[in-house]
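Colleague: Okay, predicted coordinates and the sequence, questions at the end:
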Amino acid sequence: MSSPPAVESFPANTSAAAQIFTTVLSQGPLTRMEVARRAGLSAAAVTKAVRPLIEAGYLVEDVDEDARPALGRPANLVRVDGGRALFIGVKVTGDKLIGVLTDLCCRILVARHIPLAARDPKAVLGSATELVRELLIEADGLGVRVVGLGMAVSGDVDRAEGVVRYSPFLEWRDVPLAELAAMTTGLPVTVDNDVRALTVAEQWFGAGVGLSGFALVTVGAGIGCGLVVHGRVVAGAHGVAGEIGHVTVDPAGPRCHCGNRGCVEAIASDDAIVRQMRAATGVQVADAVQAAGLAHDGVAGAREIYARAGDAIGRGIATVANLLGPERVIISGEGLAAYDLFADHIRTAFAAAAFGSAARCDVRTRPLPFDEWARGAAATAIQSFIRSDANQKRSDANQHTRGAAMTQHA
C-alpha cells in the first residue's frame, strides 16, 4: 500500500454530535439555528457539538450575507469541509470491480474499473487490494489521507459482523470480507449489501435527502430494495429486509433461484427476461441489451415479456407502499435502459395494487451508473467513520480473529 491508513477518530463522541454533523453533511450549509431545528436538538447542544468539529477542521463557518437580520451581525452558515478526509468505495460484481475515491461529501474524485479473473474470495480480495492501492496513490497526490474503505456486495450481508452470508452471483457463503480486506489494505472496512449501500448514498447525498421514509428499488441483474424508515436504513433482524425481489407475485410462475416460484426477480430480472425471450422468440438472446433490442424492433412476443416484468415490479413496489407507506419510491439500476418498455405497466400495476393513500406515493426513476454503486460503498464508510465508536469496538474485538480468517480463505 502506498499510503498507510490514518489513525484518526472522528471528534463527535456522542450520538447527538454525529446527528448534527450528518444533518450539515446532507443538508448544509445551514445556520446553527436551522441545524437545531432540523436535527430536533437544542441550540446549546448544537453549539457544544459544532465547536470541536470546527477546531478539527471538519466543519467551517461562512458568513451568510443574504440572511442578514434587521439588526446585528449577519448569520453564520456551517458547512462540511469535503476535503478534510477521503474514502474509497468498491462495488463487487460478478465480472469486475468498480472503485471510487471520494471526499467527505461523497463526491467522486477518481473512478477505476478492473476485470475479475475469478469469483472466489481469494481472487476478489487480491484484485480489490490492487484497486485500493491504485486509489491510495491517487489520494497521495491530493495530499489527504484515506480514512475508510467501503465494500458493496449483492446478497445477504451482515454489516455489523462484516460477513457476506450468501451472495448468489459470487457463490459465496460466510465470507468475513471486512476482516480480510482490513488485513490486506490496512484500512477500516465497512461491508454492506450493495442496494443498502446505494440507499445510504441516496439518503445522505441524493434523491432521499430530507425524507423520513423512502424506498430505493433497483432493477437489473436482480431486483433489490433498500428501505429508509423514520430516517434510518432498515436491514431487519437478519439483514434481509426489503427483499422485494423474492415477493411472490405469480404462484404458478417460473422457478426462482431462491427455490420459490413466481418471485419478482424470477420474472423481471435481466436473466429472467433473457430466458423468457429465448423461449418466446426462438432467438438465442445473449444478454439484456439484445432482449430489449428485439422488443424495440417489434419481434412477436417480445414486448409481452416486458409487460409481464413491469407488472411484477409494480406489484412489488405496491407491496412496499402498502406495508411501509414511504414518501417516495426511487427506481434505479441498469435495467432502466429498457424502462420505456415496461414503465407504463409498472405504473398501472402499482396503481391497481396500492391500497388507498399508498397510491399517492411519489414514484420516480433515477438512472445511476455503476460508479454510483461504488459511491454507495464509500457512503457506508463515511457513515461508519462518523459513527465510529461502536465500529471501533467491533474492529478491536475482531483483530484477534483476522489472522485465522485470512488463513482459512487464502
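Modeller: Arrived safely. Residues are numbered from 1 along each chain as shown.
Colleague: which residues in the stretch 251-400 of the chain form helices?
Modeller: 264-268, 270-281, 288-296, 302-324, 339-353, 370-386, 388-409 (DSSP state H, counting those that start in this stretch).
Colleague: contact partners of the shortest one?
Modeller: In other words, helix 264-268. With contacts defined as CB atoms under 8 Å, 6 or more residues apart in numbering, helix 264-268 is touched by 219, 222-223, 244-247, 249-250, 253-258, 260, 272, 276, 308-310, 312-313, 315-316, 335, 342. Any C-beta I mention is one placed from the backbone N, CA and C, and that applies to glycine too.
Colleague: Could you report the neighbour count for Trp373?
Modeller: Using other CB atoms under 10 Å, Trp373 has 27 neighbouring residues.
Colleague: If you drop the residues flanking it in sequence, what lies closest to it?
Modeller: Lys91 (4.1 Å; CB to CB, 6 or more residues apart in numbering).
Colleague: Give me the buried entries from the contacts of helix 264-268.
Modeller: Among those, those buried by neighbour count (16 or more other CB atoms under 10 Å) are 219, 222-223, 244-247, 249-250, 253, 256, 272, 276, 308-310, 312-313, 315-316, 335, 342.
Colleague: Show me where the stretch 251-400 of the chain dips below the pLDDT cut-off.
Modeller: For the stretch 251-400 of the chain, applying pLDDT under 70 flags the ranges 388-400.
Colleague: one step back: most packed of the helices of the stretch 251-400 of the chain?
Modeller: Mean neighbour count, computed with mean count of other CB atoms under 10 Å, is highest for helix 264-268 among those, reaching a mean of 28.
Colleague: Okay, Asp344 and Ala235: tell me how far apart.
Modeller: As judged by CB to CB, to the nearest Å, Asp344 and Ala235 stand 33 Å apart.
Colleague: Please apply the same query to Glu171.
Modeller: With CB to CB as the criterion, Glu171 and Ala235 are 22 Å apart.
Colleague: of the two, who's got more company?
Modeller: The neighbour count for Glu171 versus Ala235, taken as other CB under 10 Å, is higher for Ala235 (19 against 11).
Colleague: quick one: the more buried one and Arg159 touch, right?
Modeller: Yes - using CB atoms under 8 Å, Ala235 is in contact with Arg159, at 6.7 Å.
Colleague: tell me, what's touching the two both at once?
Modeller: Joint contacts of Ala235 and Arg159 (CB under 8 Å, 6+ apart) are 193, 196.
Colleague: State the helix or strand in which Met141 lies.
Modeller: Not quite, residue 141 is Gly, not Met. helix 121-142 (DSSP states H and E).
Colleague: Quick one: closest of the helices of the stretch 251-400 of the chain to Val50.
Modeller: Ranking those by proximity to Val50 (CB to CB) places helix 370-386 first, at 14.3 Å.
Colleague: Now do the closest one and helix 121-142, the angle between them.
Modeller: Calculated by axes from the mean of the first three to the mean of the last three CA atoms, to 10 degrees, helix 370-386 forms an angle of 80 degrees with helix 121-142.
Colleague: Quick one: list the elements packing against helix 370-386.
Modeller: With contacts taken as 3 or more CB pairs under 8 Å, 6 or more residues apart in numbering; DSSP states H and E, helix 370-386 sits against helix 15-27, strand 86-92, strand 96-103, strand 108-115, strand 146-153, strand 189-193, helix 194-205.
Colleague: roughly how far is the helix or strand that the last one is followed by from the heart of the chain?
Modeller: Beyond helix 194-205 on the C-terminal side, the first helix or strand identified by DSSP H and E is strand 214-219. The gap between the average C-alpha position of strand 214-219 and the chain average comes to 10 Å, counting by CA atoms, centre = their mean, to the nearest Å.
Colleague: Other residues contacting strand 214-219?
Modeller: By CB under 8 Å, 6+ apart, the residues outside strand 214-219 that reach it are 195, 198-199, 202-203, 207-208, 223-228, 242, 244, 268-269, 313, 316-317, 320-321, 324, 326-336.
Colleague: repeat that with 7 Å
Modeller: Strand 214-219 has contacts (CB atoms under 7 Å, 6 or more residues apart in numbering) with 195, 198-199, 202, 208, 224-228, 244, 268, 313, 317, 320, 326-333, 335-336.
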